[in-house]
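Engineer: need the 3D shape of this:
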Amino acid sequence: MDSGLRRNDIGVLERVVTLYAIYDPKPGRPDLPVAVPESFSWLAALLPPVFLIAHGLWLELVAFIFKLVALAVLADYIGGDAAFALYLLAAVWLGLAAPGLRRHALGWRGWAHRGTRIALSAEMAQLEALA
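Structural biologist: Predicted coordinates:
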């Protein structure tokens with residue numbers, strides 16, 4: 001039986017779809033499931049405070065502010081270019097670690113990990129989780 005998919009079609013799908021971790025709210029709460037994408041977060045890398053505030057990662061925000069203050073103080077000793085390079089390294093790390101930070105925060109708040117879904121978008125993963 002022919003599925004209608006060719007080798008190139010599967011390659012395109014692999015580049016388009018994303019793996020999402022699905023979390024259910026605490027029992028008794030009317031919230032929808034949350035789909036956390038397992039991919040690099042550009043928002044976390046480019047605007048770390050906005051990402052941290054948007055997802056309620058308050059302890060991580062305090063750590064980020066502390067890191068900025070430390071880099072500003074150390075810039076006199078290690079040089080401005082080195083401080084900027086360390087900031088860029090930390091921003092890239094945060095972009096890579098963003099899904100793990102969100103999953104940990106949801107688990108800490110009592111959300112239950114239901115499983116994973118492969119979908120084209122977070123909304124599609126949520127809809128599949130509701131079905």
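Engineer: element containing residue 36, please.
Structural biologist: Following DSSP states H and E, the helix or strand that holds residue 36 is strand 34-37.
Engineer: any idea which helix or strand comes after that strand?
Structural biologist: Next along from strand 34-37, by DSSP H and E: helix 42-46.
Engineer: may I see the buried residues of that next one?
Structural biologist: 44-45 (16 or more other CB atoms under 10 Å). (Glycine included, C-beta is placed from N, CA and C.)
Engineer: gap between that helix and the chain center?
Structural biologist: 9 Å (CA atoms, centre = their mean, to the nearest Å).
Engineer: got the CA coordinates for it in CSV?
Structural biologist: What follows is helix 42-46, C-alpha atoms only, in CSV (Å, rounded to 0.1, in the frame of the first residue of the first chain):
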residue,chain,number,x,y,z
TRP,A,42,14.8,32.8,20.3
LEU,A,43,12.9,34.9,22.8
ALA,A,44,14.9,33.5,25.7
ALA,A,45,18.2,34.2,23.8
LEU,A,46,17.4,37.7,22.5
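Engineer: that helix packs against which elements?
Structural biologist: helix 48-54, helix 80-108 (3 or more CB pairs under 8 Å, 6 or more residues apart in numbering; DSSP states H and E).
Engineer: and the next helix or strand after the shortest one, what does it pack onto?
Structural biologist: Read it as helix 48-54. Per DSSP H and E, the first helix or strand lying C-terminal to helix 48-54 is helix 58-78. Contact here means 3+ CB pairs under 8 Å, 6+ apart; on that basis helix 58-78 packs against helix 48-54, helix 80-108.
Engineer: so how far is the shortest one from its chain's centroid?
Structural biologist: Pointing back at helix 48-54 there. With CA atoms, centre = their mean, you get 11 Å for helix 48-54.
Engineer: pairing partners for the strand holding residue 36, with directions?
Structural biologist: Using DSSP bridges, strand 34-37 pairs in its sheet with strand 18-24 (antiparallel).
Engineer: what's in contact with the strand it pairs with?
Structural biologist: 33-39, 99, 103, 106-107, 111-122, 125-126, 129 (CB atoms under 8 Å, 6 or more residues apart in numbering).
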